[in-house]
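K.L.:
what's the 3D shape of this:
(2 chains)
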Amino acid sequence: MHELAVTQSILDISLRHAQKVDAKRIVSINLVVGKFSSIVDDSVQFYWDMIAEGTIAQGASLHFTRVPAEMKCLECGHTFEPDDKTFACPECLSPRVRVTKGDELRVESIDVE
Amino acid sequence: MTRRIPILENILSANDQMAAHNRDVFDKSGVYAINIMASPGAGKTSVILKTLETLQGRLRLGVIEGDLATSIDTEKALAAGMPAVQINTGGDCHLDAVMISQVLPSLPLSKLDLVIVENVGNLVCPANFQLGTHVNVLIASIPEGDDKPYKYPGMYKGVQALIINKIDLLPYVPFNMDYFRQGVEVLNPGLVTFPVSAKTGDGMQAWTDWLLAQVKVRD
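P.N.:
Numbers count the residues shown, from 1 in each chain, chains lettered A, B, ... in the order given. Predicted coordinates:
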């Protein structure tokens, strides 16, 4: 449900940057979305089609680069993608691990004409 | 011809900026603010009411009520002499920094020490939206199950204090506290945690003492 707010922000950011370079049209928008930000691509696309209408971003395609969650074991240094049942290190079984990736939620770039 | 424009901007940067503005307003008024988040039914209302009850007379309190179901009666807080404002989210799943900034003028901030914001009951959406409060507090509860940190990591990562409510139900519900705490420790190392029962009052003292200390340290 918070995808509407997220989509609105994506549009605002894209339009602001497109305007700076006098772009006539935004062709595509490249997004980087980490696992922990809980954003559903389809919902963003759904809202996008509605709110981008009538702007220079109308019809722009949204490209999602998904960043999986990544954790690193403090005991053995192993890096792994956790599942949603345990965060323990799959190599040495230590529970002493830290999150290293997955928080990303940004507009990486836009392609304009 | 198509050109690529690099942006590298956090999608919620506008909300973050507004949150920074809210923080500034709180700071200038000498108010400490906390944002309470939880799933529906975790006991936000009971914990907040107990907290208000304990701190009343020791701190000047205000409430921003964002829950859809008006769970802390704004009127109840008002009747107890506490300034309270209700945010109508219009069915939205979370509060955001703009909503907070809009209601701040309705609170007599210069006459308050602590403002408690009750967020919408939800473990997903509120995690992404900073409000400008000094701490985000999550209330987990025993009947929800011990797997919640693993299922909702975004929420557990973004808080500065954790209350585990309904510990009086531990004998009746399968809940592995070690498993739960291991998940929390990975996502949020060293997170300050208060096991409580808002019903029996167990553990509430440690939580309100901590909160009181946070407020006082700013004076």
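K.L.:
partner residues bridging the nearest residue to A:Arg66 once chain neighbours are set aside?
P.N.:
Of all residues not flanking A:Arg66 in the chain, A:Val33 sits nearest, at 6.0 Å (Cβ to Cβ, 6 or more residues apart in numbering or on different chains). Backbone N, C-alpha and C define where each C-beta goes, glycine included. With DSSP bridges as the criterion, A:Val33 is bridged to A:Arg66, A:Leu105.
K.L.:
what about A:Val33, neighbour count?
P.N.:
Around A:Val33 there are 22 other residues, counting by other Cβ atoms under 10 Å in any protein chain shown.
K.L.:
which ones are touching residue 59?
P.N.:
I went with chain A, as the question did not name one. A:Ala52 (Cβ atoms under 8 Å, 6 or more residues apart in numbering or on different chains).
K.L.:
um, chain B though
P.N.:
Listed by Cβ under 8 Å, 6+ apart, the contact partners of B:Leu59 are B:Asp113, B:Leu114, B:Leu212, B:Val215.
K.L.:
next, it: phi, psi?
P.N.:
The phi and psi values for B:Leu59, taken as degrees, to the nearest 10, are phi -130, psi 150.
K.L.:
tell me the predicted confidence for it.
P.N.:
Per-residue confidence at B:Leu59 stands at 93 (pLDDT).
K.L.:
how close does it get to B:Val25?
P.N.:
Look at B:Leu59 and B:Val25: by Cβ to Cβ, to the nearest Å, they are 19 Å apart.
K.L.:
next one: B:Val98
P.N.:
According to Cβ to Cβ, B:Val98 and B:Val25 sit 13 Å apart.
K.L.:
A:Leu105 now?
P.N.:
From A:Leu105 across to B:Val25, the span is 25 Å (Cβ to Cβ).
K.L.:
doesn't B:Val103 make contact with B:Val25?
P.N.:
No: using Cβ atoms under 8 Å, B:Val25 makes no contact with B:Val103, being 11.3 Å away.
K.L.:
now do the same contact list for residue 78.
P.N.:
Went with chain A since none was named. A:Lys72, A:Cys89, A:Pro90, A:Glu91, A:Cys92.
K.L.:
chain B, not that one
P.N.:
Taking Cβ under 8 Å, 6+ apart, one finds B:Ala84 in contact with B:Leu78.
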